[in-house]
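Chemist: Below: sequence and its predicted model.
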Amino acid sequence: MTGIDAAAPPDDAAASGASPWRRFGILNALFALWLIAMLIAALFGPAFLAEQAMLPRLDFRLKPPDAANWLGTDAVGRDILARVVVAARPTLTIALGGVAVGLVIGTLIGTLAGYCGGWVNLVCMALVDIKLGFPTILFAIGVIAVFGSDTANLVIVIGVTGFVTYARVQRGVVLKIKAQPYIEAARAVGSSHARILALHVVPNALSPLLIVASIDLVRVILLEASLSFIGLGIQPPTPSWGGMINAGRDYLQTAWWICVGPGLVIMLTALGISRLGDWLRDELDPSLVT
């Protein structure tokens, strides 16, 4: 081995020593820009494009993509791009709200199960097992069919269908944290259970939960799109990505762009969140890097 070979650091070591932003990479940066654009669309799109997204213009029906309408128009002449932008707000509102509800419910159940143990653990895990007995999409369809599909109901239903993963992850993390010496030390000095949970257990369990939430957001977006596709999600005239794909089913042979536009948006958004979730996992838990 030459002196140059001996002095050269391994590639893995060099990669691990790089800053988080260098490890972020160009592709992740592009996806991050896309997600920022979606957030901007959700915040400001309806204020500027609501008329183009809602107002029928029969003279422009089924126009293919061109300079005036980048993604074409639908069966009643509405601009597909404008509808995609306006649909970002209800779609992302329901997705983020559903993840938040699932995160809160799952964290509460998992924390109680892991910290208390005994019969509390049995009851909490029984709730998880009962939920696992119901297919997610069928459970959502049943609840929405009974209570309706307004935004609040969709957020609650999607959150309830997704708490299982959070509960299981949180329970496992809490069991590990509970065995740490600093928990025993906190008990020895007379700290209450509530203080231990608030200051030591929950804060140290946040990283795994954030990783799960970032990955679960993809599932929630696809679930909301699926519900809208079958008519149980966001109701017309409010546009939604899944509903737009459903509206274009009858025109796949003659006006394919009606489905392709929202389909691409769903795909890119899901891919972007998944990529950033993987990066977040690697940064918060390097032991999981392969």
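Modeler: Noted; the coordinates are in hand. Numbering: from 1, shown residues only.

Chemist: got any ranges where this protein has weak pLDDT?
Modeler: Along the chain, segments meeting pLDDT under 70 span 1-21, 285-290.

Chemist: could you pull out the strands for it?
Modeler: Counting by DSSP state E, the chain has no strands at all.

Chemist: Phi and psi next, for Gly162.
Modeler: When read as degrees, to the nearest 10, the backbone of Gly162 gives phi -110, psi 10.

Chemist: His200 against Ile177, yeah?
Modeler: Yes - between His200 and Ile177 there is a contact at 7.2 Å, judged by CB atoms under 8 Å. Bear in mind the C-beta positions are built from the backbone N, C-alpha and C, glycine included.

Chemist: Who has more neighbours out of those two?
Modeler: It is Ile177, of His200 and Ile177, that has more neighbours when counted by other CB atoms under 10 Å, with 21 against 18.

Chemist: distance of that one from Leu197?
Modeler: For Ile177, the distance to Leu197 (CB to CB, to the nearest Å) stands at 10 Å.

Chemist: Just give me the neighbour total for Phe139.
Modeler: Using other CB under 10 Å, Phe139 has 15 neighbouring residues.

Chemist: State the distance from it to Ile130.
Modeler: Separation of Phe139 from Ile130 (CB to CB) stands at 11 Å.

Chemist: Which neighbours do these two have in common?
Modeler: With contacts taken as CB atoms under 8 Å, 6 or more residues apart in numbering, not a single residue reaches both Phe139 and Ile130.

Chemist: where do the helices sit along the stretch 101-250 of the chain?
Modeler: 118-132, 136-147, 151-161, 163-178, 181-188, 193-196, 202-204, 206-229, 241-247 (DSSP state H, counting those that start in this stretch).

Chemist: Name the residues of the fourth one that are buried.
Modeler: Meaning helix 163-178. Burial within helix 163-178, assessed by neighbour count using 16 or more other CB atoms under 10 Å, is assigned to 163-171, 173-174, 177-178.

Chemist: Ok, the first one next?
Modeler: Burial within helix 118-132, assessed by neighbour count using 16+ other CB under 10 Å, is assigned to Asn121, Cys124, Met125, Leu127, Val128, Lys131.

Chemist: shared neighbours of His200 and Ile177, anything?
Modeler: Shared contacts of His200 and Ile177 (CB under 8 Å, 6+ apart): Ile183.

Chemist: Need the residue closest to the centroid of this protein.
Modeler: Centroid check for the chain by CA atoms, centre = their mean gives Leu217 as the closest residue, at 0.9 Å.

Chemist: quick one, what contacts it?
Modeler: Listed by CB under 8 Å, 6+ apart, the contact partners of Leu217 are Ala95, Leu96, Val99, Ile273, Gly277.

Chemist: Which members of these are positioned in helices?
Modeler: In this view, these that belong to helices under DSSP state H are Ala95, Leu96, Val99, Ile273, Gly277.

Chemist: which of these count as buried?
Modeler: Among these, those scoring as buried are Ala95, Leu96, Val99, Ile273, Gly277 (criterion: 16+ other CB under 10 Å).

Chemist: quick one: the third one and Ile221, what's the gap?
Modeler: Using CB to CB, Val99 is found at 9 Å from Ile221.

Chemist: The fourth one too?
Modeler: Computed as CB to CB, the Ile273 to Ile221 distance reads 7 Å.

Chemist: next one: the last one
Modeler: Applying CB to CB, the value for Gly277 to Ile221 is 12 Å.

Chemist: that older thread, what's the closest of the contacts of Leu217 to Leu154?
Modeler: For the contacts of Leu217, the residue nearest Leu154 by CB to CB is Ala95; the value is 9.6 Å.

Chemist: For Arg61, state which of the buried residues of helix 118-132 is nearest.
Modeler: Comparing these against Arg61 with CB to CB places Lys131 closest, at 44.9 Å.

Chemist: quick one, what contacts the residue nearest to that closest one when sequence neighbours are not counted?
Modeler: Nearest residue to Lys131 in three dimensions, chain neighbours excluded: Val164, at 5.4 Å (CB to CB, 6 or more residues apart in numbering). With contact taken as CB under 8 Å, 6+ apart, Val164 is in contact with Gly106, Val128, Lys131, Leu132.
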